[in-house]
Every structure is written in C-alpha cells, then in structure tokens.
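> for reference, the sequence and a predicted model appear below.
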Amino acid sequence: MRVAPGDILKPSDTLYELDLSGGTSIYRLSAVEHGTVAIFTQHFPDEFGAEVKAGGSLVEPVEDREYLPSHSHDDEVYSVGFTIEGPLDEKKLSTWVGELLQKQGPDIFRMKGVLWVEGRENRVVFQGVHMLFDAKPGTAWKEGEERTSVLVFIGRNLDRESLTESLEACLA
C-alpha cells in the first residue's frame, strides 16, 4: 500500500511503500499495544536518514539484521545530476526527452527532477523508469523563491557533458 508523508502506519502484515520523493518525510507509527515492532527496509536506514522516535527521543533498535541481497550492484551504473539556471522551453524539453529515450532509453534506469518550465506557475515534477516517463504539476513557486531545474539520471554510459549541453539547449 502506497502511503504519503503524514499518514499513520499501523503494525500489520501490510507492506507499506513510503513516498520519499519530497525530501524529508515524516510518517507516524501507531502501536496500540506495547511490544516489539519490526521495520524492514530495502537499504540500511542510515542510507536514507531513517529514524524512529517515541516522545521526541530517538529509539535505538533492539536488534538489527542484514540479509544477503538477491541482487548485486553493477559498478558501471552511476548517477549524473544537473542544476539548470533559467526556465526551460516546454516544447524543446519534450523533444529532448523523447530523443534521449530513443537513443539511450535502455541505459537510463531512473530519472527524477523538479523543473522550472517557462509559463508554468507550478514546478514540474519529472520522473521516469527506463523508457517510461511522466511529468506532472508540483507545488507552486513561492513569491521571490529562486527557481532552478534539478534533474538526476541513474544508468550506464551517461555522458555528463553531452547531457548538460543538450539540456541547456532546452532553455527558453
């Protein structure tokens, strides 16, 4: 079950998928009875800053275990991130994404970003997995807030210089 920040999680056999896309996220765990609660994560909690607190105090785990992963990490897979100053042209951006996915789609495992698109009052939240991508309106830019576009790609054979030049060609 996918849950959003602020939602209350109750101990059960339900697998919760936490939405961690917005930076710092707080979820509340409601335990009606005293006892032990197990929390399972795909990565170590310190990798994504997870903390469990009770009454404002940090709760140390009674026990933690590392299970051998059923996958291995590929040293050829890495991330490339960009911050672009200035608004992006929506049409140029759409063409760029389409061409990028045609040429490098199999090598791009994940894409995420928050974009400043010319003429849009809201941020554009951009995300994709392999050849699939989606862009939706995000929250409105605040009065006087510095606007930039931030994108991150995870994959193989990612040429930072080429990606930067082609993305900057999308500036309005």
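Done, it's in.

> residue contacts, the residue most central in space within the chain?
For the chain, Ser21 is the residue whose C-alpha lies nearest the centre (Cα atoms, centre = their mean; 4.3 Å). Residues near Ser21 by Cβ atoms under 8 Å, 6 or more residues apart in numbering: Lys112, Val125, Gln127. The way it works is simple: take the backbone N, C-alpha and C, and place the C-beta from them, glycine included.

> which ones among the residues you listed are found in helices?
Assigned to helices by DSSP state H, none of these qualify.

> list just the nearest of these to Arg2.
Closest approach to Arg2 among those (Cβ to Cβ): Gln127, at 14.1 Å.

> mind listing the residues bridging to that closest one?
Beta bridges link Gln127 to Lys112, Asp134, judged by DSSP bridges.

> next up, the contacts around it.
Ser21, Arg110, Met111, Lys112, Gly113, Phe133, Asp134.

> gap between the first one and Gly138?
To Gly138, Ser21 is 10 Å away according to Cβ to Cβ, to the nearest Å.

> joint contacts of the two?
By Cβ under 8 Å, 6+ apart, the residues touching both Ser21 and Gly138 are Val125.

> distance-wise, check Leu58 relative to Gly6.
Relative to Gly6, Leu58 is positioned 20 Å away (Cβ to Cβ).

> check Val125 too.
Following Cβ to Cβ, the distance that separates Val125 from Gly6 is 18 Å.

> more neighbours: which of these two?
Applying other Cβ atoms under 10 Å to Val125 and Gly6 shows that Val125 carries more neighbours, namely 17 against 9.

> look up the closest residue to that one, ignoring the ones flanking it.
Excluding the flanking residues, the one nearest Val125 by Cβ to Cβ, 6 or more residues apart in numbering is Gly138, at 4.2 Å.
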